[in-house]
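A.B. asks: sequence first, then the predicted structure, then my questions.
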Amino acid sequence: MLAPPDGDRDGDTEPVLDGLSLSVPDGQFRLLAGPNGSGKSTLVRLFVGLETPDAGRVVVDGHDPTEEPTAVRTAVGVVFQNPRDQLVAATVGADVAFGPENLGLTPEAVDARVTTALETVGMTDRRTERVTELSGGERARVALAGVLAMEPDHLILDEPFVGLDAPAREAVLGHVRDLAATETTVVVVTHELRGLLSAVDCVTVLADGRVAASGPPAAVRDRLPELGVAVPEP
């Protein structure tokens with residue numbers, strides 16, 4: 001289970017998250033939406049211990065991310081909104097292979113995961129290309145492939161469709177849906193809801209650092225415009 005804090009305060013400064021209480025059951029497909037500045041990305045960083053709450057606590061599979069970061073980051077795969085710092089190898093294929101190799105998988109198993117992940121993001125023919133030669137959108141796709149290749153128990157995607165063309169977006173969305181149909185917990189953080197409302201189990205909307213609405217898509221959809229979230233065309 002992913003459970004974020006009850007508050008996030010820093011002295012006398014205005015809190016990014018305040019009075020927030022939220023849990024994500026294992027295996028749930030959840031959409032986390034909200035306008036810019038609502039606290040979505042801060043919440044993602046709290047999930048994996050990159051931020052420490054000043055009040056409240058975060059629990060991931062029984063572990064505190066700040067005290068047991070290795071356990072949490074093994075279980076949770078995250079693609080951040082700016083994925084540049086997630087790339088660790090010189091070439092596309094080597095970068096996607098980095099995580100699976102560190103899991104101790106056989107070369108054959110690593111290769112199979114890399115192939116599948118690159119196919120998903122539409123970069124099969126870019127395997128030997130140097131990461132430094134990629135555009136920002138292409139780097140985002142490589143970062144996503146690297147996380148998908150890890151096959152984590154929980155997957156958090158922070159604006160995963162930025163920089164993707166229509167075919168790549170559909171491929172990624174299809175793979176995310178497939179993962180959500182298994183035991184993988186999937187949290188998609190995005191302002192682009194197209195193709196997601198009909199697929200997710202739950203929609204949570206943040207506003208001013210708090211949970212403004214949360215529930216099944218049908219129960220939340222009508223409130224999205226007033227909360228600053230655009231409703232996609234049917």
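C.D. replies: Nice, I can see it.
A.B. asks: now for the closest residue to residue 71 other than its chain neighbours, how many residues are close by?
C.D. replies: Nearest residue to residue 71 in three dimensions, chain neighbours excluded: residue 63, at 4.7 Å (CB to CB, 6 or more residues apart in numbering). For the C-beta atoms, the positions are set from N, CA and C on the backbone; glycine is no exception. The local packing of residue 63 (other CB atoms under 10 Å) involves 19 other residues.
A.B. asks: ok, now how distant is residue 63 from residue 48?
C.D. replies: 11 Å (CB to CB, to the nearest Å).
A.B. asks: contacts only, for the residue nearest to residue 71.
C.D. replies: Residue 63 makes contact with 71, 72, 75 under the criterion CB atoms under 8 Å, 6 or more residues apart in numbering.
A.B. asks: overlap in contacts, residue 63 and residue 48.
C.D. replies: Between them, residue 63 and residue 48 share these contacting residues under CB under 8 Å, 6+ apart: residue 72.
A.B. asks: hey, where'd the helices end up in this protein?
C.D. replies: For the chain, applying DSSP state H gives helices covering 40-47, 69-75, 92-102, 107-120, 136-150, 166-180, 217-220.
A.B. asks: any idea how far residue 124 lies from residue 117?
C.D. replies: Taking CB to CB as the measure, residue 124 falls 10 Å from residue 117.
A.B. asks: higher neighbour count, the two?
C.D. replies: Between residue 124 and residue 117, residue 117 has the larger neighbour count (other CB under 10 Å), namely 26 against 14.
A.B. asks: write a ChimeraX command that selects only the buried members of the contacts of residue 63.
C.D. replies: Here is the ChimeraX command that selects the buried residues among the contacts of residue 63 (16 or more other CB atoms under 10 Å):
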select :72,75
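A.B. asks: would a markdown table of the contacts of residue 63 with distance to residue 129 and pLDDT be doable?
C.D. replies: Formatted as a markdown table, the contacts of residue 63 follow (distance: CB to CB, whole Å; pLDDT from 0 to 100):
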| residue | distance to residue 129 | pLDDT |
| --- | --- | --- |
| 71 | 34 | 87 |
| 72 | 32 | 88 |
| 75 | 31 | 88 |
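A.B. asks: of the contacts of residue 63, closest to residue 188?
C.D. replies: Residue 188 lies nearest to residue 75 out of the contacts of residue 63, by CB to CB, at 17.6 Å.
A.B. asks: list the contacts for the closest one?
C.D. replies: 60, 61, 63, 152, 153, 154.
A.B. asks: pull up the per-residue confidence for the first one.
C.D. replies: What it means is residue 60. You'll see residue 60 listed with a pLDDT of 90.
A.B. asks: got a list of what the spatially most central residue of the chain touches?
C.D. replies: Closest to where the C-alpha atoms of the chain average out (CA atoms, centre = their mean) is residue 157, at 1.7 Å. Counting by CB under 8 Å, 6+ apart, residue 157 makes contact with 78, 79, 144, 176, 186, 187, 188, 189, 190.
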